[in-house]
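**Student:** return atomic coordinates for the entry below.
(chains A, B, C, D, E, F and G)
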Amino acid sequence: MFRNQYDTDVTTWSPAGRLFQVEYAMEAVKQGSAAIGLRSMTHVVLACVNKANSELSSHQKKIFKVDDHIGVAIAGLTADGRVLSKYMRSECINYSFTYDSPLPVGRLVVQLADKAQVCTQRSWKRPYGVGLLAAGLDESGAHLYYNCPSGNYFEYQAFAIGSRSQAAKTYLERRFETFVNASREDLIKDALIAIRETLQGERLKSSICTVAVVGGGEPFHILDPETIQHLIDAFEIVGDEDPPANEQGAAAAADAEEGATAEQGATAGEGGDGAADEGAAPMDI
Amino acid sequence: MFRNQYDTDVTTWSPAGRLFQVEYAMEAVKQGSAAIGLRSMTHVVLACVNKANSELSSHQKKIFKVDDHIGVAIAGLTADGRVLSKYMRSECINYSFTYDSPLPVGRLVVQLADKAQVCTQRSWKRPYGVGLLAAGLDESGAHLYYNCPSGNYFEYQAFAIGSRSQAAKTYLERRFETFVNASREDLIKDALIAIRETLQGERLKSSICTVAVVGGGEPFHILDPETIQHLIDAFEIVGDEDPPANEQGAAAAADAEEGATAEQGATAGEGGDGAADEGAAPMDI
Amino acid sequence: MFRNQYDTDVTTWSPAGRLFQVEYAMEAVKQGSAAIGLRSMTHVVLACVNKANSELSSHQKKIFKVDDHIGVAIAGLTADGRVLSKYMRSECINYSFTYDSPLPVGRLVVQLADKAQVCTQRSWKRPYGVGLLAAGLDESGAHLYYNCPSGNYFEYQAFAIGSRSQAAKTYLERRFETFVNASREDLIKDALIAIRETLQGERLKSSICTVAVVGGGEPFHILDPETIQHLIDAFEIVGDEDPPANEQGAAAAADAEEGATAEQGATAGEGGDGAADEGAAPMDI
Amino acid sequence: MFRNQYDTDVTTWSPAGRLFQVEYAMEAVKQGSAAIGLRSMTHVVLACVNKANSELSSHQKKIFKVDDHIGVAIAGLTADGRVLSKYMRSECINYSFTYDSPLPVGRLVVQLADKAQVCTQRSWKRPYGVGLLAAGLDESGAHLYYNCPSGNYFEYQAFAIGSRSQAAKTYLERRFETFVNASREDLIKDALIAIRETLQGERLKSSICTVAVVGGGEPFHILDPETIQHLIDAFEIVGDEDPPANEQGAAAAADAEEGATAEQGATAGEGGDGAADEGAAPMDI
Amino acid sequence: MFRNQYDTDVTTWSPAGRLFQVEYAMEAVKQGSAAIGLRSMTHVVLACVNKANSELSSHQKKIFKVDDHIGVAIAGLTADGRVLSKYMRSECINYSFTYDSPLPVGRLVVQLADKAQVCTQRSWKRPYGVGLLAAGLDESGAHLYYNCPSGNYFEYQAFAIGSRSQAAKTYLERRFETFVNASREDLIKDALIAIRETLQGERLKSSICTVAVVGGGEPFHILDPETIQHLIDAFEIVGDEDPPANEQGAAAAADAEEGATAEQGATAGEGGDGAADEGAAPMDI
Amino acid sequence: MFRNQYDTDVTTWSPAGRLFQVEYAMEAVKQGSAAIGLRSMTHVVLACVNKANSELSSHQKKIFKVDDHIGVAIAGLTADGRVLSKYMRSECINYSFTYDSPLPVGRLVVQLADKAQVCTQRSWKRPYGVGLLAAGLDESGAHLYYNCPSGNYFEYQAFAIGSRSQAAKTYLERRFETFVNASREDLIKDALIAIRETLQGERLKSSICTVAVVGGGEPFHILDPETIQHLIDAFEIVGDEDPPANEQGAAAAADAEEGATAEQGATAGEGGDGAADEGAAPMDI
Amino acid sequence: MFRNQYDTDVTTWSPAGRLFQVEYAMEAVKQGSAAIGLRSMTHVVLACVNKANSELSSHQKKIFKVDDHIGVAIAGLTADGRVLSKYMRSECINYSFTYDSPLPVGRLVVQLADKAQVCTQRSWKRPYGVGLLAAGLDESGAHLYYNCPSGNYFEYQAFAIGSRSQAAKTYLERRFETFVNASREDLIKDALIAIRETLQGERLKSSICTVAVVGGGEPFHILDPETIQHLIDAFEIVGDEDPPANEQGAAAAADAEEGATAEQGATAGEGGDGAADEGAAPMDI
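**Tutor:** You can find the predicted model right below:
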């Protein structure tokens, strides 16, 4: 446990050139409920698992509309995510007010990443504890970005973040070559199947997932549950294209490893987790 | 006890991606006296247990009117709660002055959550130690929100926070499907029963609880004790709809677990609790 | 002694959701000499024990006039109390200058509480170490409030703070139902008896207590010692209404417990107390 | 030695509600050379022991004129005392410039105390390490105040501060009832005898003490050494009114206790004291 | 392990006159994927290894255009690198706007170095964790600079940074005398071979490297993958000029040593590396 | 070694009421090369030992002219001394510009002391590490002051500071009664002999000391070496007035004690001292 | 190892009156490559060893022109040195713009020293880690100064700083009396020989040293390598004036001692040095 003297301050480098506090903030993303994104040439689809705090509440919103042409799905600290999507919204408004055209997606994503980088270089702040999948459409086409607490961003064809996202990634990797030319409906279907991969045997229902789409002539919007349930029913009947067992196993193994690592890290986590299970609204990630 | 190096500073992430100081602030909510909220399509009812510091004082106020259409019930640090409800009040005044219409409930709740989030990302501050149930009515209908020290907020059909709130939640979960279309009087009755669930055998009297209502044509106001006693007498006579024993038992078990966790957490709490029992006004939560 | 890592910084939450530094500041109130307050519908009386630092000095002033209609009695750090009563005075002047009417008591008390709350949420400050009993008269009648280092305030019919205040509280609880309609003279008499309860056998004399009154047509003022001695002589002759022995015993037991707790807390307090006994002016609380 | 975690920061409360850093600053007053003050209805006399750093220097000035009607004697850190008396001087000038009348003594003393209180509530400052005896004359008569590092102040008939001041206080307590109506000369004589009490057998000479007077028609000024020697010779010849042996003994015992406490506190003080004895100008207190 | 007390704060010197935090930030450069630069009199070529986070994303961009005449390749924290290249871009724009001519390369490099130096002398910041190879052309010819986290910069004929860069440096040192007069094509070919040296046996393909050129009449631009593959195919057929085995071995040995050092430093690095291998986007360096 | 928790921060009081950081800064004065000052009614003479860092450099300047009527000799951190004498110079210029008369010496000395006091009461600063002997002439005559890192100042007839100054002080104490009426030449001669006392057997030469004079009609200036050597030769021939052996011994003993104390304090000083002896310019004190 | 509690903060004094952080910064100068300076009445020559980071880069620039009449050679952190020489350059420009004459050398050196002193008295900064030899010519003749991290400066006839500078100093001390009247060529020759002394047996070539001159009618400029090689060849042929063996030995011994001290201090330095030897650009000092 010699790690300690370098890992409590975001402005302290470890001897090996790492910023542990930034890496720990990235762990917060892994603790959040899963979110996935995928895109064709004309559409981007975001989907996430609805985390039900309680029967008494509607699920926690994890997908936010930023502008007509942009939306985000988050995993990690919801409060951080909300503050950042608010920032994105105001950047979009300012831009369109000034230039009378929508803010290009890539440009917004860089601004967001710069805002996150600042929090990794001031001793009195902390890195944001949230990952964002930004889906958008602009003159250069459909885009899917992942913004990370470290201040990095990545462009993806398809990606999954949050807890148990490894299984979804495995599915997406097997299929992603078909996405570029996929139809809007196929994209949504693949999104739903990828979400199902993160459920650990739980049955996929429209009530436990949210799906949003942005595309040509179709502003960013969240699909209504009936539409989703319809789609689910359709492919559940025809039989889902199960990944071969061995791949499944590999994904599961990866997951297990992930779980083990997380547990190992969360040395004193039991008390807190126990609290989270109590029913009172936990610190939502 | 390896937890220590990551849990004294709100800007320090733990290796598992948690902010312990935010979670500890959420514990303060659990230590406060219970507050519950529930809503129909037209009305929202807030209720709380009156904590009597002493025979010599009136009970500590835990429900605050924010505007004609909004009110809050708090659990946790009263001083923090008072400061936040003051903030809400001034936001409402500013909005109605500028737009000549009442501030939508959801919008106020987001502003409050953003204010709380800031306190989770500055090393020289601390998270607020209070949870707020915000009840309000606006053009989009009746709303009940829970604002948490983490900067999150949740919309609920019904919710309970504070000490021994688990029993109330169990009751509300059993009944909540009836709330949407419930009459104003039924809502109040359910609020009273839920409060009774948190009392651990103590007899429900109007003197130990406060109830407030906001609804169509009825600005947010606190009911007078006579009205409440009247309602209590009514249903106490007809016989209360006791939850079946096994559910009760489950709730109690959950409570016991909760108690155990709290005790475990409060390592050195005895001295302080002893002080609280002395009769002098304790740090009120 | 696992308490230590959470109890040196006012912005650090303990795992159980407590702010130890705020609680410790509240201990300072308990170390101060006793102050009591009680009110009828028309009058409020404040009284305190005069702490004689030395024969050479007059006693330390513990009751301050704030305005014609408001006064405070303090227990704890006198310097903090003085600074706060100065703040109250200037708020009263500003208000009456602006609105040409006296500042309502409850409003002043909230402002004071907000000022105290700020000191519980900044890492470079400390909570005030003083409790204030605020007595006042305004359009809504006579009021008695207790303002606490935590930023809370409470309205009381009667209250006692400071060292050995438990005995006084026990007396007040036994009698408080008679206060609402009590005459000015009876209130003062009860105040004196309550003060006597805190004296541990020492004989009550006008020189060791201060009494102040505010009421209808009677601005806040401190009674002169002759008047007080007169009253004392009167009821000392008729025989004081001793609380029954068993109550006394209970109060004593409570006191003993209080003492034990304080001693337990004051781990290394002996050296300091010894210094206080030396005759040089100690840090006055 | 569990004291440590609460006693290095002025904004940290101990579990027993004490601010150790403020108490330690008060120790600095006790380490300074003795200063005494006493007043009649018309005059105030300040006196102090001249601390001779070396034959080569005149003694360190410990009595400062603030204005024609006010002066101070200090014990503790001379630099802090000088800075504070400079502040007092400028307050007096500003007041008389604005109001064309001398600043009342009590008002100045409160301003000084408020300035000291601020230093007890900011983490980046330290309490002043000096005690001030303020002597003044205004419309309300002659006044003697003691201002303490804690931000408190006290009005005295007579008082003594600094090292070995206990013996002087014992003398003053025995005599103080005669001071109110004492003549100017008797006051000075009593001041000299009180000073002599602090000398531990050393013979009183005009060279080792300073005496200042303020009174009706007599602005604050320091008496010249000849006058003082004259007075000393007078009462030394008539025989000094020695306190009875047993009182002396009590005072000595008190002193011894004081010494023991100080020594106990000054765990690692020897090295430093040795340095002070070396002849180089020590940190003057 | 006596290193610890001097190596957590960038403003703390070690007894031997070193700033460990700056050195640790330089380690971050070594952890990044390799980047190389080389120049003739007329051209500068930058090349880097494309780090594939996942099949699902395009590779992370490591070469940035700054202006028509300047570009940079980075190794280390991508977010820091992006922020710094943004700064460079705005400096170039400001300069050309003011002076109507391109900003000289050396001047930009000094400004960048000064910006980095500031972060090594403020306790609330941290040194940048990125190394930049700046390639540019101005009136004084073609330039290649290396900017280091320490605030230093160096002019090079050819240089390689990042992980396994030692092998590339060994190759460049053997060949650099030919670079001054090399043709554009030869420079590119040498860049590709140097990149191949860092691959540890992996086959060089256009998909795993990026190459950019700036030269006379040729603004800074990134070559398209086809062109690169073409060049690779060409020299792979003619047989690559393998360094003699013993040199290879030496390079490998140097690498091994480097690896050992890094591992030694990264005391507790396994958990984190494991996380990096999981497939989720790691903290990209 | 319980000293530690109170002696690393200038704003932390020790339990015995001491500010160790201020005392440590005063140690820096003792480590500096010796400086002495003495005055008659009309003249003040400053003298210091020239510390030769190396044959290659002229000696370090330790005596600075401030204005025509004021000069200072320093012992301790030269850089701090230079900054302070610069401050004094600018104060003199401002004063004479505003009032068209020279700044009185005592007034300047107080301003300097106030500047030093501030550095003893801010947590982000440190006390100056230099002592200053200020020599000046104004309407009130010739003055010699010593300004100390603590913010104190003292007026002296004659004084010596710096390393081995005890022997000089012993000499000065034996002779100081003659100084008031001494001639300019006798003052200088006594200054030289006092300097010789600090040399530990080394032969006094004009090259190892600097002497400055200010007096009636003679602005502050440094004497040229020839004049000094002349004076030295004169009294070396007539035979120096050696202090009797036993006094010498006492001084030596005092010195030894001083040395022992310093050594004791300088726990880990050997490495550093060794470095100082190496010939490279050490941290000059 | 009791040194630790006083040596991590530049504003903390050690008990013996030392500022360890300033001394550690001075160690950084000793770690830099050697620089030497020497002057006659009309010329000043600076010379330094070229530190070759790699065959691939030109050597690191260690001599900077500040103005036509001033230049500096640095040893230590190059980035700090560059920032400081930039400051010097802008001071020279401002002065000549305002006064239309060149800034006197001594004045610039004091400003530089004051800038360095500030960094030794602020807790959020660090002392500069660089020593500067400033060579200049102004109306008062030729000057050579050494500016140290402590904020001190020294005027020298000749001086050497940096690693293995002891041998050069020994040579310079033997010869310096001849420098005052030396010709420009002799000065350069002595500079070269002094540089050779620091090389530890390596052969002196123009490629491993830089020499600069400023003198009457000759603005500060760096000599071109051919000229230098010419001079080297000349005196290498006539036979160098080797210092007698015993002096050499003494110098070597001094060096060895220096080395030992440094090693002792650099407790955990091996890892870092190993890194420096790897070939990647190290933190250049």
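**Student:** now do the contacts for A:Val66.
**Tutor:** Going by C-beta atoms under 8 Å, 6 or more residues apart in numbering or on different chains, A:Val66 touches A:Val72, A:Ser85, A:Met88, A:Arg89, A:Cys92, A:Leu108, A:Ala134, A:Gly136, A:Phe220. Glycine gets a C-beta too; all of them are placed from N, C-alpha and C.
**Student:** burial of the last one, as a residue count?
**Tutor:** For A:Phe220, the count of nearby residues is 23 (other C-beta atoms under 10 Å in any protein chain shown).
**Student:** cool, and the third one?
**Tutor:** Other residues near A:Met88 number 24, with proximity taken as other C-beta under 10 Å.
**Student:** before we move on, what about the first one?
**Tutor:** Residue neighbour count, defined by other C-beta under 10 Å, stands at 31 for A:Val72.
**Student:** ok, it to G:Gly151 distance?
**Tutor:** 52 Å (C-beta to C-beta, to the nearest Å).
**Student:** do the same with the second one
**Tutor:** From A:Ser85 across to G:Gly151, the span is 50 Å (C-beta to C-beta).
**Student:** compare those two and say which is more crowded by neighbours.
**Tutor:** Neighbour count, other C-beta under 10 Å: between A:Ser85 and G:Gly151, G:Gly151 has more, with 27 against 22.
**Student:** contacting residues around A:Ala168?
**Tutor:** Residues near A:Ala168 by C-beta under 8 Å, 6+ apart: A:Ala34, A:Ile36, A:Ala160, A:Ala194, A:Ile195, A:Glu197, A:Thr198.
**Student:** which strand or helix spans it?
**Tutor:** Assessed by DSSP states H and E, A:Ala168 sits inside helix A:165-175.
**Student:** just the CA atoms of that helix, as PDB, please.
**Tutor:** Below are the C-alpha coordinates for helix A:165-175, written out as PDB (Å, rounded to 0.1, in the frame of the first residue of the first chain):
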ATOM      1  CA  SER A 165     -20.300  -2.500 -20.000                       C
ATOM      2  CA  GLN A 166     -17.700  -5.000 -21.000                       C
ATOM      3  CA  ALA A 167     -20.400  -7.400 -22.300                       C
ATOM      4  CA  ALA A 168     -22.000  -4.700 -24.300                       C
ATOM      5  CA  LYS A 169     -18.600  -3.700 -25.800                       C
ATOM      6  CA  THR A 170     -18.000  -7.300 -26.700                       C
ATOM      7  CA  TYR A 171     -21.200  -7.400 -28.600                       C
ATOM      8  CA  LEU A 172     -20.600  -4.100 -30.300                       C
ATOM      9  CA  GLU A 173     -17.100  -5.100 -31.400                       C
ATOM     10  CA  ARG A 174     -18.600  -8.200 -33.000                       C
ATOM     11  CA  ARG A 175     -21.200  -6.100 -34.900                       C
END
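**Student:** any part of the helix or strand hosting A:Met26 near chain E?
**Tutor:** Of the helices and strands defined by DSSP H and E, A:Met26 is found in helix A:20-31. Yes - using C-beta under 8 Å from any C-beta of the partner chain, a contact is recorded between helix A:20-31 and chain E, made by A:Phe20, A:Val22, A:Glu23, A:Met26, A:Glu27, A:Val29, A:Lys30.
**Student:** tell me the pLDDT at the closest residue to the first one other than its chain neighbours?
**Tutor:** Read that as A:Phe20. Leaving aside its chain neighbours, A:Phe20 sits nearest to A:Asp7 (3.4 Å; criterion: C-beta to C-beta, 6 or more residues apart in numbering or on different chains). Looking at A:Asp7, its pLDDT stands at 90.
**Student:** now do A:Ala253
**Tutor:** A:Ala253 carries a pLDDT value of 44.
**Student:** kindly report the same for A:Ser57.
**Tutor:** Looking at A:Ser57, the pLDDT reads 82.
**Student:** OK, contacts around it?
**Tutor:** By C-beta under 8 Å, 6+ apart, the contact list for A:Ser57 reads A:Ala281, B:Tyr146, B:Phe154, B:Glu155, B:Tyr156, B:Gln157, B:Phe159.
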